[in-house]
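Student: any chance you can model this:
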Amino acid sequence: MSTSSNQKKFCLEHVPRTSEKTTPGDKNMKLCFKNVKDESVMVLVDCESFMFKIKNPKSQKCLVTQQLQELKKGEVIEVGLEFRNPDEDKNHLKSCYRFKDAGGIIIVSHADIDSFTLVRRYCDGVLYDPEKAPPHHLMRFYGDEHASNLILLAVNTENDTEESKKIKDVFGTIMLDKARKAADRKALEKKKKKKCCTIL
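Tutor: Numbers count the residues shown, from 1 in each chain. All right, here's what the predicted structure looks like:
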(Lines give C-alpha, C1' and ligand atoms only; values in the text may rest on other atoms or scores of the structure.)
Protein backbone atom coordinates (compact mmCIF):
# COMPACT_ATOMS: atom_id res chain seq x y z
CA MET A 1 0.00 0.00 0.00
CA SER A 2 1.40 3.40 -0.91
CA THR A 3 0.76 6.51 1.11
CA SER A 4 1.52 10.14 0.48
CA SER A 5 1.06 13.14 2.74
CA ASN A 6 0.60 15.39 -0.29
CA GLN A 7 0.32 15.38 -4.07
CA LYS A 8 4.05 14.87 -4.69
CA LYS A 9 4.90 11.86 -6.80
CA PHE A 10 7.05 9.11 -5.31
CA CYS A 11 10.09 9.00 -7.60
CA LEU A 12 12.13 6.10 -6.26
CA GLU A 13 11.94 2.81 -8.13
CA HIS A 14 11.99 -0.40 -6.09
CA VAL A 15 14.85 -2.49 -7.51
CA PRO A 16 14.09 -5.16 -8.45
CA ARG A 17 10.44 -4.24 -8.88
CA THR A 18 8.49 -6.45 -6.49
CA SER A 19 5.26 -6.30 -4.54
CA GLU A 20 5.11 -3.81 -1.70
CA LYS A 21 4.74 -6.63 0.79
CA THR A 22 8.21 -8.02 1.16
CA THR A 23 9.01 -11.35 2.79
CA PRO A 24 12.71 -11.36 3.67
CA GLY A 25 14.04 -14.53 5.23
CA ASP A 26 17.78 -14.86 4.63
CA LYS A 27 21.04 -13.41 5.91
CA ASN A 28 21.40 -10.90 3.06
CA MET A 29 18.08 -9.13 3.35
CA LYS A 30 18.02 -5.71 1.72
CA LEU A 31 15.77 -3.22 -0.02
CA CYS A 32 17.04 -1.18 -2.96
CA PHE A 33 15.57 2.02 -4.39
CA LYS A 34 16.75 3.94 -7.47
CA ASN A 35 16.32 7.68 -7.98
CA VAL A 36 14.52 8.10 -11.31
CA LYS A 37 14.22 11.88 -11.05
CA ASP A 38 16.45 14.20 -13.05
CA GLU A 39 17.46 15.96 -9.82
CA SER A 40 19.14 14.80 -6.64
CA VAL A 41 16.96 13.86 -3.67
CA MET A 42 17.47 13.24 0.02
CA VAL A 43 16.12 9.83 1.06
CA LEU A 44 14.96 8.92 4.56
CA VAL A 45 14.26 5.26 5.34
CA ASP A 46 12.32 4.65 8.55
CA CYS A 47 11.96 1.08 9.86
CA GLU A 48 9.69 0.42 12.83
CA SER A 49 9.70 -3.29 13.57
CA PHE A 50 10.12 -5.82 16.35
CA MET A 51 11.47 -8.35 13.86
CA PHE A 52 13.86 -6.29 11.73
CA LYS A 53 16.30 -3.43 12.05
CA ILE A 54 18.39 -1.52 9.54
CA LYS A 55 22.05 -2.52 9.46
CA ASN A 56 24.41 0.31 10.46
CA PRO A 57 21.60 2.85 10.95
CA LYS A 58 22.11 6.59 11.08
CA SER A 59 19.66 6.82 13.99
CA GLN A 60 18.00 4.31 16.28
CA LYS A 61 15.75 4.41 19.32
CA CYS A 62 13.50 1.77 20.85
CA LEU A 63 12.24 -0.27 17.87
CA VAL A 64 12.94 2.36 15.21
CA THR A 65 16.02 2.45 12.97
CA GLN A 66 16.65 5.05 10.28
CA GLN A 67 18.91 5.63 7.31
CA LEU A 68 19.56 8.94 5.52
CA GLN A 69 21.28 9.29 2.15
CA GLU A 70 21.52 11.71 -0.75
CA LEU A 71 20.83 10.15 -4.14
CA LYS A 72 21.82 11.72 -7.45
CA LYS A 73 19.97 10.84 -10.66
CA GLY A 74 20.22 7.10 -11.33
CA GLU A 75 21.86 6.25 -8.01
CA VAL A 76 20.57 3.42 -5.80
CA ILE A 77 20.22 3.26 -2.03
CA GLU A 78 20.72 -0.19 -0.53
CA VAL A 79 19.13 -0.69 2.88
CA GLY A 80 20.39 -3.80 4.62
CA LEU A 81 18.07 -5.50 7.12
CA GLU A 82 18.83 -7.96 9.90
CA PHE A 83 16.79 -9.79 12.51
CA ARG A 84 16.51 -8.24 15.95
CA ASN A 85 17.45 -10.01 19.18
CA PRO A 86 14.01 -10.43 20.83
CA ASP A 87 15.53 -10.97 24.29
CA GLU A 88 17.27 -7.60 24.09
CA ASP A 89 14.35 -5.69 22.59
CA LYS A 90 11.28 -7.24 24.22
CA ASN A 91 10.93 -4.55 26.90
CA HIS A 92 10.16 -1.98 24.19
CA LEU A 93 6.95 -3.82 23.26
CA LYS A 94 5.17 -2.61 26.39
CA SER A 95 5.36 1.07 25.51
CA CYS A 96 7.02 1.77 22.16
CA TYR A 97 5.26 -0.49 19.64
CA ARG A 98 2.01 0.25 17.81
CA PHE A 99 1.56 -2.68 15.42
CA LYS A 100 -0.32 -5.96 15.81
CA ASP A 101 2.40 -8.09 14.23
CA ALA A 102 6.14 -8.37 14.72
CA GLY A 103 7.02 -7.42 11.14
CA GLY A 104 6.10 -3.75 11.33
CA ILE A 105 6.72 -1.34 8.46
CA ILE A 106 9.31 0.58 6.50
CA ILE A 107 8.49 4.06 5.23
CA VAL A 108 10.72 5.40 2.45
CA SER A 109 10.50 9.17 1.92
CA HIS A 110 12.35 11.56 -0.35
CA ALA A 111 12.54 15.32 -0.81
CA ASP A 112 14.24 17.60 -3.32
CA ILE A 113 17.79 18.28 -2.23
CA ASP A 114 17.30 22.06 -2.20
CA SER A 115 13.92 22.25 -0.48
CA PHE A 116 13.86 19.95 2.55
CA THR A 117 14.17 20.52 6.28
CA LEU A 118 14.87 17.82 8.83
CA VAL A 119 13.48 18.08 12.34
CA ARG A 120 13.65 15.78 15.32
CA ARG A 121 10.77 13.35 15.60
CA TYR A 122 8.58 14.04 18.66
CA CYS A 123 10.25 17.47 19.05
CA ASP A 124 8.32 19.75 16.69
CA GLY A 125 10.29 22.80 15.67
CA VAL A 126 13.67 21.41 16.77
CA LEU A 127 15.97 21.12 13.79
CA TYR A 128 17.88 17.91 13.16
CA ASP A 129 21.54 18.31 12.18
CA PRO A 130 22.80 15.16 10.39
CA GLU A 131 26.39 16.11 11.14
CA LYS A 132 26.00 16.70 14.87
CA ALA A 133 22.95 14.73 16.02
CA PRO A 134 23.60 11.81 18.41
CA PRO A 135 22.52 8.36 17.15
CA HIS A 136 19.50 8.17 19.49
CA HIS A 137 17.86 11.26 17.95
CA LEU A 138 15.23 10.25 15.39
CA MET A 139 14.42 12.50 12.44
CA ARG A 140 11.66 13.28 9.98
CA PHE A 141 11.03 15.61 7.06
CA TYR A 142 9.29 18.82 8.08
CA GLY A 143 6.09 19.89 6.37
CA ASP A 144 4.73 18.51 3.10
CA GLU A 145 7.69 18.93 0.77
CA HIS A 146 8.27 15.19 0.47
CA ALA A 147 6.73 12.00 -0.93
CA SER A 148 6.46 8.68 0.93
CA ASN A 149 5.95 5.02 0.21
CA LEU A 150 4.99 2.41 2.81
CA ILE A 151 6.24 -1.19 2.76
CA LEU A 152 4.80 -3.96 4.91
CA LEU A 153 7.37 -6.28 6.44
CA ALA A 154 6.61 -9.94 7.09
CA VAL A 155 8.07 -13.42 7.04
CA ASN A 156 5.52 -15.92 5.78
CA THR A 157 5.28 -19.24 7.57
CA GLU A 158 6.87 -21.11 4.66
CA ASN A 159 9.86 -18.74 4.78
CA ASP A 160 10.36 -18.85 8.54
CA THR A 161 13.85 -19.21 9.94
CA GLU A 162 14.89 -20.08 13.48
CA GLU A 163 15.34 -16.36 14.16
CA SER A 164 11.92 -15.35 12.86
CA LYS A 165 10.18 -18.20 14.72
CA LYS A 166 11.76 -17.14 18.00
CA ILE A 167 10.85 -13.48 17.42
CA LYS A 168 7.23 -14.40 16.66
CA ASP A 169 7.02 -16.60 19.78
CA VAL A 170 8.37 -13.86 22.05
CA PHE A 171 6.12 -11.26 20.40
CA GLY A 172 3.00 -13.41 20.71
CA THR A 173 3.59 -14.20 24.39
CA ILE A 174 4.22 -10.59 25.39
CA MET A 175 1.37 -9.10 23.37
CA LEU A 176 -1.08 -11.70 24.67
CA ASP A 177 -0.09 -10.86 28.24
CA LYS A 178 -0.41 -7.15 27.42
CA ALA A 179 -3.92 -7.69 26.03
CA ARG A 180 -4.99 -9.69 29.09
CA LYS A 181 -3.75 -7.00 31.48
CA ALA A 182 -5.56 -4.33 29.47
CA ALA A 183 -8.78 -6.38 29.62
CA ASP A 184 -8.37 -6.86 33.38
CA ARG A 185 -7.92 -3.11 33.89
CA LYS A 186 -11.00 -2.39 31.81
CA ALA A 187 -13.07 -4.90 33.77
CA LEU A 188 -11.85 -3.44 37.08
CA GLU A 189 -12.69 0.11 36.01
CA LYS A 190 -16.16 -1.02 34.94
CA LYS A 191 -16.65 -2.76 38.27
CA LYS A 192 -15.59 0.35 40.22
CA LYS A 193 -17.89 2.55 38.15
CA LYS A 194 -20.83 0.21 38.75
CA LYS A 195 -20.12 0.14 42.49
CA CYS A 196 -19.92 3.94 42.61
CA CYS A 197 -23.28 4.27 40.85
CA THR A 198 -24.84 1.80 43.30
CA ILE A 199 -23.69 3.85 46.30
CA LEU A 200 -25.16 7.04 44.81
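
Student: going forward, measure contacts between C-alpha atoms and count neighbours the same way
Tutor: Will do.

Student: endpoint to endpoint, stretch 147-159 covers what distance?
Tutor: Stretch 147-159 has an end-to-end distance of 31 Å (CA to CA, to the nearest Å).

Student: not counting sequence-adjacent ones, nearest residue to residue 134?
Tutor: Beyond its immediate neighbours in the sequence, the residue positioned closest to residue 134 (CA to CA, 6 or more residues apart in numbering) is residue 59, lying 7.7 Å away.

Student: which residue ranges of the chain form strands?
Tutor: Using DSSP state E, the strands of the chain run over residues 12-14, 21-22, 30-35, 41-48, 52-54, 59-61, 64-71, 76-83, 105-112, 118-120, 139-141, 147-153.

Student: mean pLDDT lowest for which of the ones you listed?
Tutor: Looking over the strands of the chain, mean pLDDT reaches its minimum on strand 21-22, with a mean of 49.

Student: for this structure, which residue occupies the most central location?
Tutor: Closest to where the C-alpha atoms of the chain average out (CA atoms, centre = their mean) is residue 48, at 2.2 Å.

Student: count the residues that sit near residue 123.
Tutor: Other residues near residue 123 come to 12 when the count uses other CA atoms under 10 Å.

Student: and it, how far from residue 92?
Tutor: Plainly put, residue 123 is 20 Å away from residue 92 if you go by CA to CA.

Student: same deal with residue 103?
Tutor: On the measure of CA to CA, residue 103 and residue 92 end up 14 Å apart.

Student: of these two, which one has the most company?
Tutor: For residue 103 and residue 92, the more surrounded residue by other CA under 10 Å is residue 103, and the numbers stand at 21 against 14.

Student: okay, angle between the top helix by length along the chain and strand 76-83 too, please.
Tutor: With secondary structure taken from DSSP state H, the chain has its longest helix at helix 162-199. Put simply, helix 162-199 runs at 70 degrees to strand 76-83, going by axes from the mean of the first three to the mean of the last three CA atoms, to 10 degrees.

Student: which elements pack onto helix 162-199?
Tutor: With contacts defined as 3 or more CA pairs under 8 Å, 6 or more residues apart in numbering; DSSP states H and E, helix 162-199 has these neighbours: helix 86-89.

Student: what helices or strands is the helix it packs on leaning on?
Tutor: In this structure, helix 86-89 packs against helix 162-199, with contacts taken as 3+ CA pairs under 8 Å, 6+ apart.

Student: now the helix it packs on: buried residues?
Tutor: Judged by neighbour count (16 or more other CA atoms under 10 Å), helix 162-199 contains these buried residues: 164, 166-168, 171, 174-175.

Student: likewise for stretch 136-150?
Tutor: Under the neighbour-count criterion of 16+ other CA under 10 Å, stretch 136-150 has 137-142, 145-150 buried.
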